[in-house]
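Q: turn this into a structure:
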Amino acid sequence: MGNPFDILIDQHRELEECFERLASGGEPEELRSGTAELLELLRLHSRLEERCFYPLLMQVEGRSRAREEAEDHLTMRELMDELEELSPGHPEWQARLFALEDLVVAHFQEEESAILPRLRMALDGQQQDELRRELAATREELLAHAQAFAIPGRGPLLESLRWDG
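A: Numbering: from 1, shown residues only. All right, here's what the predicted structure looks like:
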């Protein structure tokens, strides 16, 4: 049946491609629309991880480990907000883009090389199937929600993280 985390890994590749397109430059309008696409995809991906992946990470590896991953997301959010406020192509915009890319790529590498394999090993076949279905259903729900409430900036995909449960 494959890896239960294929949806997340596919999103990682899609986001890396978005970063590559933006880093190669272009006209201001292309950069503006590319930035909007990147931020939308990154918000969707972050929310999917926060909703489905982090509870599992907390269960298997503990609250401290889940918080470490969540801290990356908080830093990403700050950089995304800054990127959104700057003019595409401006040197400060470029600096934020590269900082965000560095953080995101390192985050993906850590997940794919260490965290996801450990979590997959902790799950039996039935749990992996359930997780695969949960990730797919949550992704579809978030996509539908984002399309229904397309709000630039801090959209509905940026819910607060909760550590009390």
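Q: the helix or strand containing residue 58: what's the following helix or strand?
A: Using DSSP states H and E, residue 58 sits within helix 54-61. Going down the chain from helix 54-61, the next helix or strand is helix 63-85, by DSSP H and E.
Q: now that next one: how far from the chain's centre is it?
A: Computed by C-alpha atoms, centre = their mean, to the nearest Å, the separation of helix 63-85 from the middle of its chain amounts to 10 Å.
Q: ok, the nearest residue to residue 18 once chain neighbours are set aside to residue 88 distance?
A: Leaving aside its chain neighbours, residue 18 sits nearest to residue 38 (4.3 Å; criterion: C-beta to C-beta, 6 or more residues apart in numbering). To be clear about C-beta, it is placed using only N, CA and C from the backbone, and glycine gets the same treatment. From residue 38 across to residue 88, the span is 11 Å (C-beta to C-beta, to the nearest Å).
Q: what does residue 19 give?
A: Relative to residue 88, residue 19 is positioned 14 Å away (C-beta to C-beta).
Q: quick check: mean pLDDT of the helix holding residue 58?
A: Averaging pLDDT along helix 54-61 yields 93.
Q: can you check what angle separates it from helix 63-85?
A: Helix 54-61 runs at 150 degrees relative to helix 63-85, counting by axes from the mean of the first three to the mean of the last three C-alpha atoms, to 10 degrees.
Q: how about the CA coordinates for helix 54-61, as CSV?
A: Presented in CSV, the C-alpha positions along helix 54-61 are these (Å, rounded to 0.1, in the frame of the first residue of the first chain):
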residue,chain,number,x,y,z
TYR,A,54,2.0,16.2,15.3
PRO,A,55,-0.5,14.3,17.5
LEU,A,56,1.1,11.1,16.3
LEU,A,57,4.6,12.5,16.8
MET,A,58,3.6,13.6,20.3
GLN,A,59,2.2,10.1,21.1
VAL,A,60,5.3,8.2,19.7
GLU,A,61,8.2,10.6,20.5
